[in-house]
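Trainee: structure for the following, please:
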Amino acid sequence: MGWYRLKIVGMKNSKIRKAMNLLDTYESLLKLEKNILIKELNYDSNDIELIRKSSEIKEYKKDLELRNIEVINLNDKEYPEELKNISLPPLFLYYMGNISLLKERKIAVVGSRRGTKYGKNFIENLAKTFSENNIVTISGFAQGIDINIHREMLRNNGKTIAIMPCGLDRIYPTEHLKEWKEIIKKGLIISEYSIGIPPYPGNFPLRNRLIGGLGKGVVIVESGERGGSLITAELALEEGRDVYALPGDITSPFSIGCNNLIKNNRAKLITCGIDILEEYQWNIKEKEKTFSIINNEENIVYQQLTTGMTIDELILCTNFDGKKLIGILSELELKNMVIALSGGRYKRKV
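Mentor: Numbering: from 1, shown residues only. Alright, predicted model coming up:
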């Protein structure tokens, strides 16, 4: 339990891990003679002094307790197997909330910090599907898509995990205080950073590797040509995780990143949460297979799609212009009523 003390006083991860691999407990380390520390662990005088300092830490432990922050290490049974297998697993995870969520089925969801209504509508449907099928979402608590997936999962009584780029004594960003409190009660907030560590710029890509590595896969919902969500996608691919992307309007700056991932075969195209459940053969609740209510224009298009049709063919049948049809087809895909086929064709699901 006390291994984190070595990190607090500044001991290198490699030195801490060496001790953790050799000894069962931190208390066992404190009992070792100086010559054993030098011979068996290859510690120097500075390391031995750090061990002494770590044993004197009292206020820090008290501060953790006052804030209801718990700590697990790489060797604890609660530590997630997914993170053990990434290239740079954190030695320690600080958390607040329900740690058992780390053992459940998990999918990360990230995207633009300036999402559109299109992205928000998709998130609403995705959260409903995941909540009803007991899938835990992972995201980074940032503005835009991240906070939207947290909110929608909470609204649907689902389970969500927020991974922070700073110590858990800081709410970042501060305007998400309401969600912070609710996630602690109903979900889980974790960080590899000890209390007192601010959200330095360099912490964000390191945090993203945890988002990309903790789940079975990562969903990218709207992304510009560059951004943190694309970094998360690449990190996930490097760790052998699946990446999924929501396609969007080719003229929208918010869909460039997703469309490029799909075009370059870096991500699988999805239009709803059921696509992911089917990919992993996770059981789908029967009520999820029911369709959403559609408006009159959507119904006109839907009724035409008994066979695969292109947008040009739909223009002739419906008298709608191309732009309107793209919008209607996107809505029908989000409602799980229409699927996109090869060759730019669309067909209704039933």
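Trainee: SS state for residue 6?
Mentor: Assigned by DSSP: H, G, I helix; E, B strand; the rest coil, the conformation of residue 6 is helix.
Trainee: hang on, I meant residue 346
Mentor: From three-state DSSP, the assignment for residue 346 is strand.
Trainee: how many residues are close by it?
Mentor: Counted with other CB atoms under 10 Å, residues neighbouring residue 346 total 23. Every residue, glycine included, has its C-beta placed from N, CA and C.
Trainee: so how far is residue 242 from residue 60?
Mentor: Distance, residue 60 to residue 242, by CB to CB, to the nearest Å: 39 Å.
Trainee: repeat that for residue 79.
Mentor: 22 Å.
Trainee: same question for residue 261.
Mentor: According to CB to CB, residue 261 stands 12 Å off from residue 242.
Trainee: domain parsing for this structure?
Mentor: The chain is divided into the following domains under automatic domain parsing: 1-57, 99-287, 291-348.
Trainee: next one: the first one to chain centre, how far?
Mentor: Put plainly, it is domain 1-57. 33 Å (CA atoms, centre = their mean, to the nearest Å).
Trainee: the stretch 101-250 of the chain: helices as residue ranges?
Mentor: 117-132, 145-155, 177-186, 203-214, 228-238 (DSSP state H, counting those that start in this stretch).
Trainee: closest one to residue 312 among those?
Mentor: With respect to residue 312, and counting by CB to CB, the nearest of the helices of the stretch 101-250 of the chain is helix 117-132 at 22.6 Å.
Trainee: could you give me the average pLDDT of the closest one?
Mentor: Averaging pLDDT along helix 117-132 gives 93.
Trainee: going forward, the N-terminal residue is numbered 22.
Mentor: Okay, using 22 as the starting number, the last item reads as helix 138-153.
Trainee: and the angle for that helix with helix 166-176?
Mentor: Orientation check (axes from the mean of the first three to the mean of the last three CA atoms, to 10 degrees): helix 138-153 against helix 166-176 gives 40 degrees.
Trainee: quick check: residue 326 touching residue 359?
Mentor: Yes. Taking contacts as CB atoms under 8 Å, residue 326 lies within contact range of residue 359: 6.2 Å.
Trainee: shared neighbours of those two, anything?
Mentor: When CB atoms under 8 Å, 6 or more residues apart in numbering defines a contact, the residues bordering residue 326 and residue 359 alike are 367, 368, 369.
Trainee: residues near the nearest residue to the second one once chain neighbours are set aside, how many?
Mentor: Closest residue in space to residue 368, ignoring its immediate chain neighbours: residue 329 at 4.5 Å, by CB to CB, 6 or more residues apart in numbering. For residue 329, the tally of surrounding residues (other CB under 10 Å) stands at 16.
Trainee: hang on, isn't residue 181 packed against residue 170?
Mentor: Yes. Between residue 181 and residue 170 there is a contact under CB under 8 Å: 7.0 Å.
Trainee: any shared contact partners between those two?
Mentor: Shared between the contact lists of residue 181 and residue 170 (criterion: CB under 8 Å, 6+ apart) are residues 158, 160.
Trainee: ranges for the strands of the stretch 272-371 of the chain?
Mentor: 289-290, 330-331, 359-362, 366-369 (DSSP state E, counting those that start in this stretch).
Trainee: okay, buried residues for stretch 245-261 please.
Mentor: Using 16 or more other CB atoms under 10 Å as the test for burial, stretch 245-261 gives 245, 248, 249, 250, 251, 252, 253, 254, 256, 257, 258, 260.
Trainee: so which of those comes closest to residue 275?
Mentor: Checking those against residue 275 by CB to CB gives residue 245 as the nearest, at 6.5 Å.
Trainee: so where's the stretch 172-321 of the chain shaky on pLDDT?
Mentor: Along the stretch 172-321 of the chain, the model assigns pLDDT under 70 to residues 306-314.
Trainee: that's all I had, so thanks and see you.
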